[in-house]
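Trainee: pasted the sequence and its predicted model underneath.
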Amino acid sequence: MKLSYNYLKDWIGFKETSKQLADLINLHITEVEELTTSGRFGCMVVGEIKEISPHPNADKLQLTKTDVGSEVLNIVCGAKNIAVGQKVPVALPGAVVAGGLEIKPTTIRGEESFGMLCSKRELGLAEEADGIYILDDTAAVGMPLGEFLGENEDSTIELKVLSNRPDYLSYLTIAREIAAVLGRDFNPELELDFSEGEEPVKNHLAIKVEEPQLCRRYIGRVIKNIQVKPSPTWMQKVLLASGLRPINNIVDISNFVMLELGQPVHAFDLAKLTEQQIVVRKAKAKETILGLDGVVRALNENMLVIADSTHPVAIAGIMGGEETGVSNQTTELALEVANFDRVSIRKTARALGLHTDSSVRFEKGLSPLLPEIAMQRLVSLVVQDCPDAIVLAGELDICQEVPSSTRTLVVSMPAINQLLGIEIEPDIMLDILNRLDLSATLSGSDLTVLIPHYREDIVGMPDIAEEIIRIYGTDKVANVMPQITIAPVVVSPMAELIYNIKTRLQNLGFIEVYLHPFDQGNKNSIALENPLNQNWTHLKTDLVIGLAEATFMERGERVKALKAFELNTIFESTANVLPNQPQQLVIRVQGPDAYRHVRGAGEALLTSLGINVKYSEVAGLKGLRVSLGKELIGEVALHQADNAYFALSLPMILPHTAGEYEYKEPSRFPAIKFDMTFIVSHNIKAGEMLADILSADILVDRAELKDLYSTADGHRKLTFHIELRSSAKTLTKDDRDVVYGIIKNKLQEHHKANLDEG
Amino acid sequence: MALRDILKEILAAAEADLKSATFKDLEQLKIKYLGRKSALSLALRQIKDLPDDERGPLGRLGNEIKQKISAMLEQFAAGQDHIVDDLDFTIPGIEPLMGHLHPITQTIGDLIDFFAGLGFSVAEGPEVETEEYNFDLLNIPPDHPARDMWDTFWVSRGKDSAHSTLLRTHTSPVQLRYMRESKPPIRIIAPGRTFRYEAEDATHSSVFYQLEGLMVDKGITLGHLKAVIDAMVKHILGDDVKTRLRPSYFPFTEPSFEVDVWFEGRWLELMGCGMVNPKVLENGGIDSSVYTGFAFGMGIERIIMAKYKITDIRNFYGTNFDFLKQF
């Protein structure tokens, strides 16, 4: 909702600058999204210089830190007459200074600058100027410059409309709340009077509501003898500052009433309504309408329309039709002020992709009582602007049951104070509520509040507490740490495992990445109904491809050797409502010996978690399957020449991490170390040989593959480094020879391995 | 001599040379065996002129030998004492390869520790969530304009909202899942991944992380909420920041507020919070006439971006080591 600062100021009569007003709205009413000033001083504000330092790369320039109200900006300045504490004009990005230069964030000789301190020349106030224009002390930091310089420019305050407050789409409510915040008396004083002619409206207009569920109220009136012309200047100014383009007096008055009261209204050219009929019905198949925006739209049977006796003349609550709209030739008006079902309006607006000032108001839900006052206001303003106009006698009011204008809510005052953690005096509570049009009285410790019809959002004590505390000020609530009965905190074993794995991988030199959870899917994946793009249509069932094929960059170049991992949720569809959502870990190594490095890292991780896995070969996989007991828990494989991965399912390993680590007493006796080199046929597996060595004798404490290469005649030569150690004694050469022999024979037997003793 | 034998001789020579080499010889050996004019390079160049049936096997062998020699040289280099001049102690250190946890992991871990200190446990919930938990039970009915506050990725639309699923738009459904399984006093945080259906740019990501907080007990007040949030924000951004609350609207809290932080010269919108709406307490099976509570939800990326002045949220989900290695 865009609001004219000048209009609010005239109405309420406050002295606050637009910046001060915006701050108050922000803190007590709703978020201010933007404060803008139109005209030649647009995007210029009063700033205060907070710091000045020399520019490191330019003698004639200085660096300033300038407070512009919303923030403190770095601004480079070339003038010498500035000093800390001065108030100066600041052109912010978007401003256009005299001469036509548009201000943008920029870098001047290596220093960032987010605006420009202006001289009188740059402001167009003087032909020549000597240095920055230093403003006097009455200038308030953050104030729009035009306002300070007394140029009668208006400012626009754009505020966020909370979705439970459709009345924030009206000047009336915002003005009332501003007055409440300022503690000023507020009297709306809307002119609602007009006199009617003799001729009854019934003779000229018939209204039929065929969809009473979707149109709870429809009020129609007819005004004759009007003159279409430009609207009054004051009204045009309000509309412009509120973001609406003035068109003619009738359209402008309609828009003005909508802005003022939050109730959309519509004026038809009565002469163009076939048989002078209005029918509120659903559209028929294949019906179309040419909207006021010049676009022809196809309608369907779910959409509510306003029709005359033959065809639709408006999309109810969203947009009027061009053919029955007000033109310069119009002399008779059929006025519509109605209440439409919010869900119906919302669905139609979404289906048509057409969101208008009218539809956003109806969608949020308006009171069926609002049309009464809106119609009076509309007629009164038309008559004021067209003194010859004749208002036909009577109002056509097709009305389902209308709620009473107020309902009563009784809330406990101590409960409010208890919820807020503060003691607010009863008088203050009553004062705030009454200023917000929530008539309140105190009986005992209970507040009896009359809730007006347009405040459907208020249903209980916390709503009343909110009204009070936001006006009173949340800063007055003291911060108090809650007192608790201490109890152990609980972190799920899975969360512990995840954190454990991540820190261990960090210790192993891996870099963690978070990639998008979407891919193009496979037959088992879960599809999104509304994907963002064609590459992200499904949820990942596996993180391997995403990580293995990711291109990592450093200093603008592709990283050739890397260690990275991703640990996140994957999604597997099931017969249940919700899919399985297990955690998966994928480790990637790229570079020389990628496979051995990734396998080593995966094993180190699993060993540190106290997990012993088994590996098995499987056709089609350039690697091994990893299993734990009888369950498959992952795989380690080569993805490309120098790019390998280790993938693990966390739910599978979680149950096996619970056991206590088994401590082994370090041996006090020295090890005997030796190497053994075997020549084997090329299809013999190094892993199987190593396993045989490790299990050859109880004295084998460690064994590792030290070297491996293919010989000229198609054999492989493998060297193992072996360490023997006993926890009971110092080993002798005899012990060594025995084990040496066992290993030699075992490998000969199992793998036809020949010991290379040369 | 056949090319195959030449290659093997080169390998044998390299092995022999390395056995007697010292660190000073390393550069020479690199040139001798891997340089552009080395015998190996010359041999490899000849391979491409061979007939088709020989080129494949010899090419593989040649590459294997090249990799083996470079690995040997690397291993040799790693095993050598690099300080060649024991008087020059300005010699630069050799940096080990560091691992890095993602900044989101670090921040969530830090907040879990911080809240553990205040007695808050960690709760979890599914990322593919039902419409019922993500919206209905949080007092956000179907076709209510409040739904527009959350652009939603739909997974499937069932006949009723209990069977209609989506990617959770916030961590707030965890509140309900936890309340339905527990009795007050409740003190939890729920960090996790959340999703919004929106085009990505420097400030919007379709995937992001939130940290939800929920405390329910007898006599929980707005003053308690303010104190906890202020302490959390100071923990992350430093003791000299200030916080303030501004009125807002969330269907699941009443009153509802936005939290702003005064950080480095400006007010920064940080997160939403409020007192738990009695309807939500009741949906969670908690008697709202006895208990009150507060809840908050903070964007993890947003606070990291504020702290480090990161300007593009897409960095978090990218593959740029220049970004990831700074954390």
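Mentor: Yep, it's here.
Trainee: going forward, measure contacts and count neighbours with C-alpha atoms only.
Mentor: Fine.
Trainee: just list the residues touching the spatially closest residue to residue A:94 that is not a sequence neighbour, thanks.
Mentor: Nearest residue to residue A:94 in three dimensions, chain neighbours excluded: residue A:103, at 5.6 Å (CA to CA, 6 or more residues apart in numbering or on different chains). Each residue near residue A:103 by CA atoms under 8 Å, 6 or more residues apart in numbering or on different chains is listed here: A:91-97, A:115-116.
Trainee: distance check, residue A:103 against chain B.
Mentor: Look at residue A:103 and chain B: by CA to the nearest CA, to the nearest Å, they are 21 Å apart.
Trainee: just residue A:241 next, same as before
Mentor: Separation of residue A:241 from chain B (CA to the nearest CA): 25 Å.
Trainee: quick check: that residue touching residue A:234?
Mentor: No: using CA atoms under 8 Å, residue A:241 is not in contact with residue A:234; the gap is 10.9 Å.
Trainee: looking at the two, which has the bigger crowd around it?
Mentor: Neighbours of residue A:241 and residue A:234, each counted by other CA atoms under 10 Å in any protein chain shown, are more numerous for residue A:241; the result is 24 against 9.
Trainee: return the distance of the more buried one relative to residue A:210.
Mentor: Per CA to CA, to the nearest Å, residue A:241 is found 39 Å from residue A:210.
Trainee: just give the number of residues close to residue A:188.
Mentor: Residue neighbour count, defined by other CA under 10 Å, stands at 12 for residue A:188.
Trainee: contacting residues for the residue of the stretch 1-150 of chain A found nearest chain B?
Mentor: Residue nearest to chain B within the stretch 1-150 of chain A: residue A:71 (4.3 Å; CA to the nearest CA). Residue A:71 makes contact with B:265-267, according to CA under 8 Å, 6+ apart.
Trainee: try it again at 7 Å.
Mentor: Contact partners of residue A:71, counting by CA atoms under 7 Å, 6 or more residues apart in numbering or on different chains, are B:265-266.
Trainee: check residue A:17 too.
Mentor: residue A:143.
Trainee: now for chain B, the helix or strand with the poorest mean pLDDT.
Mentor: None of the helices or strands of chain B scores lower by mean pLDDT, DSSP states H and E than helix B:52-79, at a mean of 81.
Trainee: domain ranges for chain B?
Mentor: B:3-79, B:103-324 (automatic domain parsing).
Trainee: does any part of the shortest one sit near chain A?
Mentor: If I follow you right, that is domain B:3-79. No: shown here: domain B:3-79 not in contact with chain A (CA under 7 Å from any CA of the partner chain), separated by at least 7.7 Å.
Trainee: related to what we said a few turns ago, looking at the domains of chain B, which is buried most?
Mentor: Compared across these, domain B:103-324 shows the largest average neighbour count, a mean of 19 (mean count of other CA atoms under 10 Å in any protein chain shown).
Trainee: now the end-to-end length of it.
Mentor: Termini of domain B:103-324 sit 8 Å apart (CA to CA).
Trainee: equivalent analysis for stretch A:534-547, please.
Mentor: 19 Å.
Trainee: got the buried residues for it?
Mentor: By 16 or more other CA atoms under 10 Å in any protein chain shown, the buried positions in stretch A:534-547 come out as A:536-544, A:546-547.
Trainee: tell me which of the residues you listed fall in helices.
Mentor: A:544, A:546-547 (DSSP state H).
Trainee: list just the nearest of those to chain B.
Mentor: So of those, ranked by how close each gets to chain B (CA to the nearest CA), first place is residue A:547, at 9.6 Å.
Trainee: pull up the distance across stretch A:647-658, start to finish.
Mentor: Using CA to CA, the two ends of stretch A:647-658 sit 21 Å apart.
Trainee: which positions within that stretch qualify as buried?
Mentor: A:647-650, A:652-654, A:657.
Trainee: same check, this time on stretch A:305-321
Mentor: A:305-308, A:311-321.
Trainee: give me the contacts around it.
Mentor: Contacts to stretch A:305-321, defined as CA under 7 Å, 6+ apart, come from residues A:273-283, A:289-292, A:304, A:324, A:340, A:345, A:356, A:358-359, A:362.
Trainee: try it again at 8 Å.
Mentor: By CA under 8 Å, 6+ apart, the residues outside stretch A:305-321 that reach it are A:264, A:266, A:273-283, A:287-292, A:303-304, A:323-324, A:340, A:345, A:349, A:354-359, A:362.
Trainee: out of these, who's near chain B?
Mentor: Among these, no residue lies close to chain B (CA under 8 Å from any CA of the partner chain).
Trainee: put the buried members of those into a PyMOL selection.
Mentor: Buried residues within these, by 16+ other CA under 10 Å, are selected in PyMOL with:
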select buried, chain A and resi 264+266+273+276+277+278+279+280+281+282+283+288+289+290+291+292+303+304+323+324+340+345+349+355+357+358+359+362
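Trainee: among the contacts of stretch A:305-321, name the ones in strands.
Mentor: Taking DSSP state E as the definition of strands, the contacts of stretch A:305-321 contribute A:266, A:277-282, A:288-290, A:304, A:340.
Trainee: just put the residues you listed in JSON lines and tack on pLDDT.
Mentor: Output for these, formatted as JSON lines (pLDDT from 0 to 100):
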{"residue": "A:266", "pLDDT": "97"}
{"residue": "A:277", "pLDDT": "94"}
{"residue": "A:278", "pLDDT": "95"}
{"residue": "A:279", "pLDDT": "96"}
{"residue": "A:280", "pLDDT": "97"}
{"residue": "A:281", "pLDDT": "96"}
{"residue": "A:282", "pLDDT": "96"}
{"residue": "A:288", "pLDDT": "95"}
{"residue": "A:289", "pLDDT": "96"}
{"residue": "A:290", "pLDDT": "95"}
{"residue": "A:304", "pLDDT": "97"}
{"residue": "A:340", "pLDDT": "96"}
